[in-house]
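> Return atomic coordinates for the entry below.
(one chain, ligands or ions: 1)
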Amino acid sequence: MSQPFTSENPLARGLHDKLTSRTAKTGVVGLGYVGLPLAVEFGNAGFTVVGIDLDQRKVDEINNGVSYIHDVPTGAVARLVAAGKLSATTNPGAADDLDTINICVPTPLRKTKDPDLSYVVASAEAIKGHLHPGMLVILESTTYPGTTEEVIQTILETTGLKAGKDFFLAFSPERVDPGNPIWNTKNVPKVVGGLTPDCSALAAALYTASIDRVVQVSSPKVAEMVKLLENTFRAINIGMVNELALMCDRLGISVWEVIDAAATKPFGFMPFYPGPGLGGHCIPIDPFYLSWKVKEVGFEARFIELAGQVNSAMPHHSVEKVSDALNELGKAIKGANVFVLGVAYKRDIDDVRESPALDVMALLLKKGAKVTYHDPWVPHIDGEHWNGGQNMSSIPYSAAAVADADCVVILTDHKSFNYEDIVAGAKAVVDTRNAVKFASPKVFKLGAPSPRT
Ligand SMILES: NC(=O)c1ccc[n+]([C@@H]2O[C@H](COP(=O)([O-])OP(=O)(O)OC[C@H]3O[C@@H](n4cnc5c(N)ncnc54)[C@H](O)[C@@H]3O)[C@@H](O)[C@H]2O)c1
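The predicted model follows:
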């Protein structure tokens, strides 16, 4: 049962009425993996939604009814655009007519592992000129606790409008898991923390209209920390299991068999799996937002730093496995033909941001291997965006490409790969994902004894 909205602030009551009647005009700044699915959910809920993005190509595609995000069907975008519910623009001035704005822009790390809030700051600066009384602004980008108040509130209040009184401000982390066929923007509970009770209630009203379940917490800081707990939990557990994989490698035990058996315990254990390293926009990055922030209060986030060290060494360990496999064939890495399968950061997605596959390929190139790759999801890799520094294109998968390689390296276990064919045709296979489920003397698995011992 939803609580009656009893604010004394007429601006809050006015916006609440518009949200519950779904007559509010909503806006989303940043139409990427997070922003576009959210905009579509707002449109599906009956709101009019305007997407604002700097990227003219994305804006044009949306206005033409086309989705460029795999998890968002083009049909959903086309239907909303045709109904006049969804449009996109590069002009932040569109915010003049909006009742709500969700900011979903990137929050990467600088090379020094310090937070790069430049996109968040630029968005807030752009909105500032169009902020008006009664507007609700929600930050969704993952960031350190305090950002909503220290950065967004500070910038927006330079207008003379006061957060919680003249406009409303909240943080709500996005928890989308690209490529997940079960959990999506609509059915993953939405955590919301507003600056004041009115801010929380208004943000909750927006999401309640569009998302299955809303969980209110007491402040933006708590909501910011919730997201960092979730992602730090994953980064640390993956770091722990990656270290266990290195131990198993030395001890001649298969870490995969160990995890599968441990996972039969019905309580107190949750399986995490090793791999060639961490990837994606979240897990390798977000914990460092937290460790950076707590340094300000003289605290050292030791688990985060340690997990970071272990996880970032995994590409090197994967290259060692390639070296071991080639060694068995009497070959060096230098001059060897290495055929990489899968470069996306995880299965069945097209995202290569922070992908460990790119680090493995860069290390192999540096050691003089001749590297080719096949990934049905990633047709090209832009030289500017990875350490290998060269433009590369996915070569077609063929029996000849497998047979010509001195070593085939599985770095991303896309479902479409036929592992029986791959192993049958290859001279040697390095499997960093436990994709090959049968024993073969040709398969060298990360975290498992050599097949030749
Ligand atoms: N991708 C994920 O799986 C995921 C999951 C949960 C949370 N997040 C977080 O959500 C945020 C967004 O991530 P994403 O993956 O959607 O990023 P993305 O790169 O896919 O999309 C960001 C969009 O913002 C646009 N943009 C950048 N600066 C802008 C500005 N000043 N004004 C308007 N548009 C601007 C870019 O053009 C791009 O289209 C990040 O903080 C990320 O950590 C991402």
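
> Enumerate the residues of the protein near the ligand.
Listed as neighbours of the ligand in the chain under the rule CB under 6 Å from any ligand atom: 29-35, 52-55, 58, 104-107, 119, 122-123, 126, 141-142, 174-176, 178, 281-282. In short, each C-beta sits where N, CA and C put it, glycine included.

> which among these end up buried?
Buried subset of these (neighbour count, 16 or more other CB atoms under 10 Å): 29-35, 52-54, 58, 104-107, 119, 123, 126, 141-142, 174-176, 178, 281-282.

> taking the residues you listed one by one, which sit in helices?
G35, K58, Y119, S123, A126 (DSSP state H).

> so which two of these are the farthest from each other?
Put simply, by CB to CB the two of those set farthest apart are K58 and A126, 16.2 Å from each other.

> ok, which stretches of the stretch 151-300 of the chain are helices?
Assigned by DSSP state H, counting those that start in this stretch, the helices in the stretch 151-300 of the chain fall at 154-157, 197-210, 220-251, 255-262, 286-295.

> Tell me which of these sits most buried.
Mean neighbour counts were taken over the helices of the stretch 151-300 of the chain using mean count of other CB atoms under 10 Å, and the top value, a mean of 24, falls to helix 197-210.

> if we can go back for a sec, could I get the ones in helices among the buried ones among the residues of the chain next to the ligand as CSV with pLDDT and distance to A223?
Written out in CSV, the entries for these read as follows (pLDDT from 0 to 100; distance: CB to CB, whole Å):
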residue, pLDDT, distance to A223
G35, 97, 18
K58, 98, 27
Y119, 98, 19
S123, 98, 18
A126, 97, 23
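
> export these to TSV and tack on distance to L202?
Below are those laid out as TSV (distance: CB to CB, whole Å):
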residue	distance to L202
G35	20
K58	28
Y119	24
S123	20
A126	22
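
> residues near H130, how many?
The criterion is other CB atoms under 10 Å. On that basis, H130 has 18 neighbouring residues.

> Show the contacting residues for it.
Residues touching H130, when contacts are defined by CB atoms under 8 Å, 6 or more residues apart in numbering, comprise P92, G93, A94, A95, D96, L98.

> Next: N63.
With contacts taken as CB under 8 Å, 6+ apart, N63 has the following neighbours: V81, S87, A88.

> Could you check how far it is from the ligand?
Separation of N63 from the ligand (CB to the nearest ligand atom, to the nearest Å): 14 Å.

> Relative to G51, how far out is that residue?
In this structure, N63 and G51 are 9 Å apart, going by CB to CB, to the nearest Å.

> in this structure, which segments are predicted with low confidence?
Within the chain, the stretches with pLDDT under 70 are 1-3, 453.

> 80 instead?
For the chain, applying pLDDT under 80 flags the ranges 1-3, 452-453.

> residue of it with the smallest distance to the ligand?
Each residue of the chain has a distance to the ligand, by CB to the nearest ligand atom, and the smallest belongs to G32, at 1.8 Å.

> Looking at the residues of the chain next to the ligand, which are in strands?
Secondary structure assignment by DSSP state E places V29, I52 of the residues of the chain next to the ligand in strands.

> Settle this for me: V222 is touching G193, isn't it.
Yes. Here V222 lies in contact with G193, judged by CB atoms under 8 Å, at a distance of 5.1 Å.

> just to revisit the earlier point, Provide a list of residues in contact with the residue of the chain closest to the ligand.
Taking CB under 8 Å, 6+ apart as the criterion, G32 is in contact with D53, K58, I69, C104, P106.

> List the residues that contact the spatially closest residue to the fourth one that is not a sequence neighbour.
Spelled out, that is C104. Nearest non-adjacent residue to C104, counting by CB to CB, 6 or more residues apart in numbering: G35, 3.6 Å away. For G35, the residues meeting the contact criterion (CB under 8 Å, 6+ apart) are V28, V29, G51, D53, N102, C104, V105, E140.

> Run through the bridge partners of the third one.
Pointing back at G51 there. As for beta bridges, G51 partners with V28, A88 under DSSP bridges.

> how deep is it tucked in, by neighbour count?
The local packing count at G51 equals 29, with neighbours defined by other CB under 10 Å.

> buried set for stretch 32-52?
Of the residues in stretch 32-52, 32-45, 47-52 count as buried by neighbour count, 16+ other CB under 10 Å.

> for stretch 377-396, same thing?
Here stretch 377-396 shows W377, V378, I381, W386, G388, M392, S394 as buried, counting by 16+ other CB under 10 Å.

> Pretty sure E354 sits against F288.
No. The pair E354 and F288 fails to qualify as a contact (CB under 8 Å) at a distance of 11.7 Å.

> okay, now the nearest residue to S219 once chain neighbours are set aside: neighbour count?
Counting by CB to CB, 6+ apart, G193 is the residue found nearest to S219 once chain neighbours are left out, at 5.0 Å. By the measure other CB under 10 Å, the count of residues near G193 is 25.
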